[in-house]
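In: Provided below are the primary sequence and the corresponding predicted coordinates.
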Amino acid sequence: MKKFLELISEEMKQAFEAAGYDRELGKMTLSNRPDLCEYQCNGAMAGAKLYKKAPIMIANEVAEKLQGSKVFSEVSAVAPGFLNCKVQESFVGAYLAEMAQLEKFGLEMPENPDKVIIDYGGPNVAKPLHVGHLRSAVIGESIKRIVRYAGHEIIGDIHLGDWGLQMGLICTEVQERQPDLVYFDESYEGEYPAEAPFTIAELGEIYPTASAKSKEDEAYKEKALEATSKIQSGVRGYRALWKQIMAVSIPDLKKNYENLNVEFELWKGESDVHDLIPGMAEKMKADGLAYMSEGALVVDIKEESDTKEIPPCMILKSDGAALYTTTDLATILERMNDYQPDRMIYLTDKRQELHFEQVFRCARKTGLVTPETGLLHIGFGTVNGKDGKPFKTRDGGVMRLEMLIDEINEEMYRKITDNREVSEEEAKQTAKIVALAAIKYGDLSNQAAKDYIFDIDKFTSFEGDTGPYILYTIVRIKSILNKYKEQGGNLEQVTMQAPGNESEKALCLELAKFNAMMEAACEETAPHKVCAYIYDLANAFNKFYHETKILSEEDETKKKGYIALLLLTRNVLETCIDVLGFSAPERM
RNA sequence: GUUCUCAUAGUUAAAUGGAUAUAACAAGCGCCUCCUAAGCGCUAGUUGUGGGUUCGAUUCCCGCUGGGAACACCA
């Protein structure tokens, strides 16, 4: 169905036309002075120059044409030339009634849906997840769901970091500790043990140790580089040990992401494209695009319009090994082969902007993608602590994601049991749901590109613009709907009425924005727009709730109208939190 | 050094070029015999700086100041 603003703009455009002006001037916008009107049109001011006429005169003529409009109940021309409008209650009511009937509340589906691959998460195997991974996972998951809801086909790929130096570091440290393992015996020809020589807990500790050692000890680092190369070139024992690391890590990662309600369609990694690299590099050379520079194989990606120096894109190191850039390019090659996506979206820390600029340019120049393929990098800001510096634990270490979530869960549990009498089982369940909403909403309500302050106190507070506030509103509505059913009401037999007072109308107008909001959120890959919307919607509902007795309403038609409005509000809210990646409990 | 990026109440954040810049938190005040007070209402407080484009600039352009980041053999 058409967007609400489009419909009322159409009415305004007709009035402009009838008054003898360009109809395109009749574009309506939301009022930024809600005390004066609901919607406004600034076309008279834009038209002043065109027609060499005072804007207020144009506005007056247009307003004249709108007397008796079925859409607007009130149109007034105000200096210097604003057209202030209020819409007819019956028009709003009819719009919502249609919206409630339609699939996805009347959001129009694209004629030619895109096939999209979104690359997010990006954890390194065997390295514990930290707060930085949270952003990629939370924002990526939400963008995926928004794009999918808007009618496109989208595939999420976790893109594991499973092929780099960190794998070599782990092997080296394992060898330090257990030098007699068969993995390191090059003459060994038998089967390798099924059991991994470490647990996930040990693995979590091995990597930081190894990483620290390699920074201090040159010889150790050499060994790690060598081990990395052995894994990549396929030395049997090293490859077997690598598989063990994967086998231990991946279930743990799955569990962690599951706790976040984040789900990937693809669990591919850098290792998956290893075999594509030699061919890709050869082709670049054969095409005359890649050349040797200082011993390394590079592709020039400068463009004439550049104001900045873009360094050449390095394909292979002077020792012939692959780099981050190489695996990303090979991944693009693989994705084009396997899925032929129309676009690819990447979510990483914004510090990697230049890297993706290089990768994208190189992919275009070397023909890995078609000129039409969309390549978008969404760089999100760093997660900072209250002091504005990168988020650390109290003792200065990197905060592990699990710890952080546990901490917030506990705080939520404490608050829930403080407030009401609930069984421990239910309190725990609810705490988990509310905590996740708090974390995700806290992250998503900020624009992704900005750094943001990760403030546990703020996240665990329930007041104001928070996830729990949204959930609370939903729970309230559910509670009323349940009571209505208990009293013998039937949710199937209610019909939307035209709003009867101001707070009800405000709620209706908020609901009517849904399709425009979702479309914008998809186009701009901006989950924070969904957050802002549901916050406004929840506010509008709570105000309405505060002023209106719903269940004790005596006029049956009116009461059913309220229930229909509540149903729509709940459905819209739940749809929105679902695309944001969290859910609401039954009670809280 | 070069380039990118950000700058909005005490704090954290909003605002397709439109009127008196919007919220939340923190501060102060008020509202539970009533569908969940994790709520609702009220009070006070902000666009770093100098130019430009425009009828109109937080928004676009140029300078300055201040923060953050990136800049070929890590990922």
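Out: Structure's in. What do you need? Numbers count the residues shown, from 1 in each chain, chains lettered A, B, ... in the order given.
In: low pLDDT regions in the stretch 201-350 of chain A?
Out: For the stretch 201-350 of chain A, the stretches with pLDDT under 70 are A:305, A:307-309.
In: need the pLDDT of the closest residue to RNA strand B within chain A.
Out: When scored by Cβ to the nearest atom of the strand, chain A has residue A:464 as its residue closest to RNA strand B, at 2.2 Å. For every residue, glycine as well, the C-beta is placed using N, CA and C. Per-residue pLDDT puts residue A:464 at 89.
In: what about it, how many neighbours?
Out: 9 (other Cβ atoms under 10 Å).
In: please confirm that it is located within a strand.
Out: No - using DSSP: H, G, I helix; E, B strand; the rest coil, the assignment for residue A:464 is coil, not a strand.
In: flag every residue of the stretch 151-300 of chain A that's near RNA strand B.
Out: A:161, A:163-166, A:225, A:270, A:293-296, A:298 (Cβ under 7 Å from any atom of the strand).
In: pick out the most distant pair among those.
Out: A:166 and A:293 (27.4 Å; Cβ to Cβ).
In: my read is that residue A:566 contacts residue A:479, right?
Out: No - in this structure, residue A:566 is not within contact of residue A:479 by Cβ atoms under 8 Å, at 10.4 Å.
In: quick one: average pLDDT of stretch A:468-483?
Out: The model assigns stretch A:468-483 a mean pLDDT of 96.
In: cool, and stretch A:437-446?
Out: pLDDT averaged over stretch A:437-446 gives 91.
In: pLDDT weak spots in the stretch 401-550 of chain A?
Out: Across the stretch 401-550 of chain A, residues meeting the criterion (pLDDT under 70) sit at A:419.
In: let's go with 90 and repeat that
Out: Counting by pLDDT under 90, the stretch 401-550 of chain A contains low-confidence ranges at A:401-408, A:410-412, A:414-424, A:442-443, A:446-464, A:501, A:524.
In: what are the boundaries of the helices in it?
Out: A:401-419, A:424-444, A:456-460, A:467-486, A:502-511, A:514-523, A:527-547 (DSSP state H, counting those that start in this stretch).
In: now distance to RNA strand B and mean neighbour count too, for the ones you listed, in JSON lines please.
Out: JSON lines is the format used below for these (distance: least, Cβ to the nearest atom of the strand, whole Å; neighbours: other Cβ atoms under 10 Å):
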{"stretch": "helix A:401-419", "distance to RNA strand B": "4", "mean neighbour count": "17"}
{"stretch": "helix A:424-444", "distance to RNA strand B": "5", "mean neighbour count": "21"}
{"stretch": "helix A:456-460", "distance to RNA strand B": "7", "mean neighbour count": "17"}
{"stretch": "helix A:467-486", "distance to RNA strand B": "3", "mean neighbour count": "19"}
{"stretch": "helix A:502-511", "distance to RNA strand B": "8", "mean neighbour count": "21"}
{"stretch": "helix A:514-523", "distance to RNA strand B": "9", "mean neighbour count": "20"}
{"stretch": "helix A:527-547", "distance to RNA strand B": "3", "mean neighbour count": "20"}
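In: so which of the ones you listed is nearest residue A:554?
Out: helix A:467-486 (14.5 Å).
In: okay, angle between the closest one and helix A:401-419 too, please.
Out: Angle of helix A:467-486 versus helix A:401-419, following axes from the mean of the first three to the mean of the last three Cα atoms, to 10 degrees, is 50 degrees.
In: rewinding a little: quick one: closest of the helices of the stretch 401-550 of chain A to residue A:47.
Out: Per Cβ to Cβ, nearest to residue A:47 of the helices of the stretch 401-550 of chain A: helix A:514-523, 24.5 Å.
In: circling back: looking at residue A:166 and residue A:293, which is more packed in?
Out: Neighbour count, other Cβ under 10 Å: between residue A:166 and residue A:293, residue A:166 has more, with 21 against 13.
In: list the contacts for the more buried one?
Out: By Cβ atoms under 8 Å, 6 or more residues apart in numbering, the contact set of residue A:166 is A:124-127, A:207, A:211.
In: make it 7 Å
Out: If you count contacts by Cβ atoms under 7 Å, 6 or more residues apart in numbering, residue A:166 has them with A:124, A:126-127, A:207.
In: which of these has the most neighbours?
Out: Neighbour max across the contacts of residue A:166 (other Cβ under 10 Å) = residue A:126, 24 neighbours.
In: in a strand, that residue, correct?
Out: No - Residue A:126 sits outside any strand when classified using three-state DSSP, being coil.
In: and it, backbone torsions?
Out: phi 70, psi 0 (degrees, to the nearest 10).
In: and residue A:392, that one's in a strand?
Out: No - counting by three-state DSSP, residue A:392 is not part of a strand but coil.
In: kindly calculate the angle that whichever helix or strand residue A:251 is part of makes with helix A:424-444.
Out: Here residue A:251 sits within helix A:236-259, counting by DSSP states H and E. Between helix A:236-259 and helix A:424-444, the angle comes out at 100 degrees (the same axes, to 10 degrees).
In: elements contacting helix A:236-259?
Out: helix A:165-177, helix A:200-216, helix A:218-233, helix A:401-419 (3 or more Cβ pairs under 7 Å, 6 or more residues apart in numbering; DSSP states H and E).
In: next, count neighbours for residue A:255.
Out: By other Cβ under 10 Å, neighbour count at residue A:255 equals 11.
In: hmm, I was thinking of residue A:212
Out: Neighbour tally, residue A:212, other Cβ under 10 Å: 12.
In: residues in contact with it?
Out: Counting by Cβ under 7 Å, 6+ apart, residue A:212 has no contacts.
In: got it, and residue A:554?
Out: Contacts of residue A:554 (Cβ under 7 Å, 6+ apart): none.
In: so what's residue A:340 closest to, chain neighbours aside?
Out: residue A:115 (6.9 Å; Cβ to Cβ, 6 or more residues apart in numbering).
In: the one you found is in contact with residue A:148, isn't it?
Out: No - with contact defined as Cβ atoms under 7 Å, residue A:115 does not reach residue A:148; the gap is 11.4 Å.
In: looking at these two, which is more packed in?
Out: Higher neighbour count among residue A:115 and residue A:148: residue A:148, with 18 against 14, using other Cβ under 10 Å.
In: can you tell me the element that one falls in?
Out: Counting by DSSP H and E, residue A:148 is part of helix A:131-149.
In: all strands of the stretch 1-150 of chain A, in order?
Out: A:28-30, A:39-41, A:72-78, A:82-87, A:115-119 (DSSP state E, counting those that start in this stretch).
In: tabulate those strands (a markdown table), appending mean pLDDT.
Out: Converted to a markdown table, the strands of the stretch 1-150 of chain A look like this (pLDDT from 0 to 100):
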| stretch | mean pLDDT |
| --- | --- |
| strand A:28-30 | 89 |
| strand A:39-41 | 91 |
| strand A:72-78 | 91 |
| strand A:82-87 | 92 |
| strand A:115-119 | 97 |
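In: adding distance to residue A:179, write those strands out as a markdown table.
Out: Putting the strands of the stretch 1-150 of chain A into a markdown table (distance: least, Cβ to Cβ, whole Å) gives the following:
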| stretch | distance to residue A:179 |
| --- | --- |
| strand A:28-30 | 70 |
| strand A:39-41 | 75 |
| strand A:72-78 | 83 |
| strand A:82-87 | 78 |
| strand A:115-119 | 38 |
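In: which of those strands sits closest to residue A:107?
Out: strand A:115-119 (17.3 Å).
In: close to RNA strand B, is that closest one?
Out: No - Strand A:115-119 is not in contact with RNA strand B by Cβ under 7 Å from any atom of the strand; minimum separation 13.0 Å.
In: any idea how chain A splits into domains?
Out: Segmentation of chain A into domains, based on automatic domain parsing, reads A:4-87, A:115-162+A:269-380, A:165-259, A:401-580.
In: mind checking how far the last one is from the chain centre?
Out: Going back to what we said before, that points to domain A:401-580. Offset of domain A:401-580 from its chain centre (Cα atoms, centre = their mean, to the nearest Å): 18 Å.
In: please apply the same query to the shortest one.
Out: When C-alpha coordinates are averaged (Cα atoms, centre = their mean), domain A:4-87 and its chain have centres 36 Å apart.
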